[in-house]
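Visitor: Okay, structure incoming, though there's no sequence with it:
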């Protein structure tokens, strides 16, 4: 009788542990969606940088084409001295 009760308790314990393990796995997946990992943050920043870079390259091509169309070859810029602040 005690052996059967012990087996039943043991199997119930295993079931509880399995359910608990599944619960924690689900919570981990859920938290990964809510709280980005450092890798996910870096990937997002990389995608944003790629978008900015692409827009820059596009704008640069548009400006080059516009300058060629207008016929401006160079625009003289004032010389900067080492004492001239950049900002």
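Guide: Noted; the coordinates are in hand. This one's a predicted model, so the numbers in the text were calculated from it and none came from an experiment. Numbering: from 1, shown residues only.
Visitor: Quick check: which element contains residue 47?
Guide: Using DSSP states H and E, residue 47 sits within helix 38-70.
Visitor: Quick one: mean pLDDT for that helix?
Guide: Averaged across helix 38-70, pLDDT comes to 89.
Visitor: repeat for stretch 21-33
Guide: For stretch 21-33, mean pLDDT is 79.
Visitor: Show me what counts as buried in it.
Guide: Of all the residues in stretch 21-33, not one is buried under the rule 16 or more other C-beta atoms under 10 Å. For every residue, glycine as well, the C-beta is placed using N, CA and C.
Visitor: Which strands or helices does the helix holding residue 47 pack on?
Guide: Judged by 3 or more C-beta pairs under 8 Å, 6 or more residues apart in numbering; DSSP states H and E, helix 38-70 is in contact with no other helix or strand.
Visitor: mind checking how far it is from the chain centre?
Guide: 17 Å (C-alpha atoms, centre = their mean, to the nearest Å).
Visitor: do the same with stretch 37-53
Guide: 4 Å.
Visitor: hmm, who's touching it?
Guide: With contacts defined as C-beta atoms under 8 Å, 6 or more residues apart in numbering, stretch 37-53 is touched by residue 36.
Visitor: which parts of the helix holding residue 47 are buried?
Guide: Here helix 38-70 shows no buried residue, counting by 16+ other C-beta under 10 Å.
Visitor: burial of residue 36, as a residue count?
Guide: Here the number of neighbours of residue 36 (other C-beta atoms under 10 Å) works out to 12.
Visitor: Grab the nearest non-local neighbour of it.
Guide: residue 44 (7.2 Å; C-beta to C-beta, 6 or more residues apart in numbering).
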